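# mind folding the following:
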Amino acid sequence: MKKFLRLAGLAGVLALLSLAVPLPHIDEVRDAGRSAVAVSGEAEAAQSPLCDKNPKAANLNFVLKDSEGKDYNLASQKGKVILLDFWATWCPPCKVEIPWFVEFQRTYGPKGFIVIGVSVDDPASALKPFGEQYNVNYPLLVGDGRADIKGPRGYNASWGLPKTFVIGRDGAICKTHIGLSRKEHFEQQIKSLL
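You can find the predicted model right below:
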């Protein structure tokens, strides 16, 4: 009986750990030998060899509050290459990726690129000090309480953080990254869409 209880306890612990570990990446480039091909600014996301073959349209028709409490209209960024990141201040993999996103914003921002960070469960009061600590140079938005954007009818970003979408100028989702990804994958996708 004791052995059974120990096994049951171990199974429970493993089940809880599986919830805490990010889901496997779905952003792996299917042909690692394929080089990134620069695509002209007018090209659609589907033409990039690094994007999904049948990209879905990104819904950018949302207005969220930023870390200053001001309205931020995602639709105002249409026509740019967008890295839309769903994250949280307590999320360790998110903290790994955010410095990369700061670098991408600095490097590619002048070329028509923007990072938009949507915190899934932090209040605006937590975003400003976090942004200062990590030198965030892009908008940090409040997604807490916004099932319309983070729920299944939006970006389904309530689990598997970070969850990041690379969106082309045409508004199509080039690639979805779930969990900790690789910096070079993001950068290859961004460069192919600019």
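# next, the residue minimising distance to the centre of the chain: secondary structure please.
Computing the C-alpha centroid of the chain and ranking residues by CA atoms, centre = their mean puts T164 first, at 1.6 Å. Recorded secondary structure, T164: strand (DSSP: H, G, I helix; E, B strand; the rest coil).
# partners of it in the sheet?
Under DSSP bridges, the beta-bridge partners of T164 are D85, H177.
# my guess is it contacts F86. True?
Yes: counting by CB atoms under 8 Å, T164 does reach F86; the two are 7.0 Å apart. C-beta here means a position set from N, CA and C on the backbone, and glycine is covered the same way.
# quick check: pLDDT value at the residue nearest to the centre of the chain.
With respect to pLDDT, T164 scores 96.
# now do the contacts for it.
Counting by CB atoms under 8 Å, 6 or more residues apart in numbering, T164 touches L83, L84, D85, F86, E97, T176, H177, S181, F186.
# next, the contact list for the third one, please.
Which is D85. D85 makes contacts with C94, E97, F101, V115, I116, G117, V118, P162, K163, T164, F165, as judged by CB under 8 Å, 6+ apart.
# run a quick neighbour tally on the last one.
A count of neighbours around F165, defined by other CB atoms under 10 Å, yields 19.
# any idea how far V120 is from L64?
Distance from L64 to V120, counting by CB to CB, to the nearest Å: 11 Å.
# shaky segments in the chain?
Applying pLDDT under 70 to the chain flags the ranges 1-49.
# all helices for it, in order.
With helices called from DSSP state H, the chain shows them at 2-20, 92-108, 124-133, 147-150, 183-193.
# coming back round to it: overlap in contacts, L64 and V120.
Here L64 and V120 share the contacting residues G143, scored by CB under 8 Å, 6+ apart.
# distance check, the nearest residue to L127 once chain neighbours are set aside against Y138.
Leaving aside its chain neighbours, L127 sits nearest to S67 (3.8 Å; criterion: CB to CB, 6 or more residues apart in numbering). Distance, S67 to Y138, by CB to CB: 11 Å.
# equivalent analysis for K70, please.
Applying CB to CB, the value for K70 to Y138 is 15 Å.
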